[in-house]
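Asks: Give me the fold of what follows.
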Amino acid sequence: MGKIIGIDLGTTNSCVAFVDNGEPRVIPNPEGSRTTPSVVSFAKDGERRVGSVAKRQGVTHPESTVFAIKRLMGLSFDSEQAQKHARLAPYRVVESERGDAWVQIEDKRYSPPEISAMVLEKMREVAESFLGEDVTDAIVTVPAYFNDAQRSATIAAGKIAGLEVRRIINEPTAAALAYGFEEKEGKRVAVYDLGGGTFDISILEIANGVFSVKSTAGDTHLGGEDIDNALVEELASRFQKSSGIDLRDDRVALQRLKEQAEKAKHELSSSLETEINLPFIASDETGPKHLETKLKRSELEILVSEIVDRTLGPCGQALTDAGIKREEIDEILLVGGQTRMPMVQSKVSDFFGKAPYKRVNPDEVVAMGAALQGAALAGEVEEMLLLDVTPLSLGVETGGGVFHKLIPRNTTVPTRAREIFTTSVDNQSFVPIHVLQGEREMSEDNKSLAKFELAPILPAPRGVPEIEVTFDIDADGVVNVSAKDLGTSREQAIRVVASSGLSEEDIKRIIEEADAYKTTDEKRRELAELRNAAEALLYTSERAVAECREMVPEDVVAQVEADIETLHQCIENGDAIAIRDSLETLELSAYKIAEAMYGSVDLEAQAEGEAQSDS
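Replies: Reported below is the predicted structural model:
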């Protein structure tokens, strides 16, 4: 079996790692960077770009460049989070036939798993190029607070990317694995994970290879993107105040603002002030307008203080759920690029009463932990026992639309729970079972996972029949629900498979399209390489003809010139087969110039030798 790689599929950047001789190693991409932007762009000619080159295209073609797609994973179009994202994103967010939030680029629609699959495929290619072998298996990380629909969407993305996702593990848990895989002494660890689009806090106990998650909390729509957006709003307001022009109505200008906001945020992590200069950002009847302003770290902190404070509520909730006091935490791990912000570090220190542990790279530690989990499954490192929890409560709908929890959040998995229910009306012939996930009191406010019926039930007054409902969650988080009439022993069961917004037919179709695209992409790459080789040969051949025309037979020169003209024509037509054939033909005829030249040199040398002998 080949390597099982670990992939941190991030909102802003993604990272891939593997285990080499027992040690996790991050794999750099072809540009030499250890992380890759989670950005996908679509060119007019149909070419698709992923990573840094896609991010650069976002400035000039924002409407065809997709970023932060992780924020739409598993969301319905009419949800508050999807609508907020749609308002801020330069690309179009549309409603699919099933009511999910998708992306539209020109006349084609893409589901969030499909876009995420393009990023995963890029990470797989990075790993394959580095390792020199095919990669088919991966551990992919997700925010701890992702629900079943979002996890299912991530698994679907892996499948489309040609990966078998061996396990989905929570990002804070993966970070803890990387931190504590050699930890022998017992420690209580808080993992504070503030990334580009999500926030998680997990409390774990680590000892002798056992990683026990005690609680987790978070917000799947809270992260660096919110800080960037707040800064964009501030810069747009400043510009509108000075020029009267609202840059928020211009997608290209808005994308330039976003890039500058992200840059300024990074600079203010190491300096107290930064200068923002965006020339020709807009124009009116008086001419072009430029954005020139200065931003202090203190101004940024005032802008985003409320956003950072929102992370502290889940921190307190996680400690309460774990039954652990702040002073009982031994280490605080900071995970996610946004934790580099000084104010974030300061607020975390104040909350927990101690400085965070800083000897892990917040951008890479999640991928490294995922790689360690993969190596453990492959038997490359000593197996680690990972006891994770279900992040959200599971239960059923009861009379009046009330949500009744059977498995509370932060219950260690695998687990089982059962409870007795009864009928609500006389002579009820069947019992509907509606399986839900969430923390709200009413069913309609939670996530629906599945519906099924237990029937028939013998006629009886309400409250008499006894219906036993059982929930089973295995180590991979797969939910099985069964309902049994204790009077008749009749039973009905269902395996809950969360919807990713894609049917199996959709996934199959997308995989086939991806294979076709890969073939087209390979042909495009082959054509580009042939053109490069052809243009190089044309340059040397034309130069040889120009410099050596007088010393080479006329028929050889004529043949080479004819072959040069043919190759020029083939390049213009863009036919790869014709270019290859013409390239080979020109190589053969160009060799005759060299042969003629070397032949004439030999004849001259021979003549000189004979002349010396005669003298």
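Asks: For the closest residue to residue 271 other than its chain neighbours, give me its contacts.
Replies: Distance criterion CB to CB, 6 or more residues apart in numbering; nearest residue to residue 271, sequence neighbours excluded, is residue 297 at 7.4 Å. The C-beta positions use only the backbone N, C-alpha and C, and glycine is treated the same way. Residues near residue 297 by CB atoms under 8 Å, 6 or more residues apart in numbering: 268, 271-273, 342.
Asks: the bottom helix or strand of this protein by mean pLDDT?
Replies: Least confident helix or strand of the chain, by mean pLDDT, DSSP states H and E, is helix 576-614 with a mean of 70.
Asks: Poorly predicted segments of the chain, please.
Replies: By pLDDT under 70, the weakly predicted segments of the chain are 1, 45-46, 182-184, 475-478, 495-504, 507, 513-522, 524-525, 597-615.
Asks: Spell out which helix or strand contains residue 528, please.
Replies: helix 504-548 (DSSP states H and E).
Asks: ok so, going back, looking at the contacts of residue 297, spot the one nearest residue 455.
Replies: Residue 455 lies nearest to residue 342 out of the contacts of residue 297, by CB to CB, at 61.4 Å.
Asks: Which stretches in the protein count as helices?
Replies: Assigned by DSSP state H, the helices in the chain fall at 52-60, 80-88, 112-131, 148-160, 171-180, 224-243, 251-267, 297-309, 312-322, 342-352, 365-378, 504-548, 554-573, 576-614.
Asks: Which one, of these, ends up nearest to residue 494?
Replies: Of all the helices of the chain, helix 148-160 comes closest under CB to CB, at 13.6 Å.
Asks: The closest one versus helix 112-131: what angle between them?
Replies: Interaxial angle, helix 148-160 versus helix 112-131 (axes from the mean of the first three to the mean of the last three CA atoms, to 10 degrees): 50 degrees.
Asks: helices and strands around helix 148-160, which ones?
Replies: helix 112-131, strand 137-142, strand 164-170, strand 447-454, helix 504-548 (3 or more CB pairs under 8 Å, 6 or more residues apart in numbering; DSSP states H and E).
Asks: what about 7 Å?
Replies: helix 112-131, strand 137-142, strand 164-170, helix 504-548 (3 or more CB pairs under 7 Å, 6 or more residues apart in numbering; DSSP states H and E).
Asks: Name the residues of the first one that are buried.
Replies: It stands for helix 112-131. Neighbour counts over helix 112-131 (16 or more other CB atoms under 10 Å) mark 112-128, 130 as buried.
Asks: what lines up beside the lengthiest strand in the chain in the sheet?
Replies: Assignment by DSSP state E gives strand 273-284 as the longest strand of the chain. Strand 273-284 has the following sheet partners, assigned by DSSP bridges: strand 287-296 (antiparallel).
Asks: Now tell me what touches the partner strand from outside.
Replies: Outside strand 287-296, the residues within contact range by CB atoms under 7 Å, 6 or more residues apart in numbering are 235, 238-239, 243, 245, 264, 272-283.
Asks: Which of those residues are buried? Put it as a ChimeraX command.
Replies: Buried subset of the contacts of strand 287-296, written as a ChimeraX selection, criterion 16+ other CB under 10 Å:
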select :235,238,239,243,245,264,274,276,278,281,282
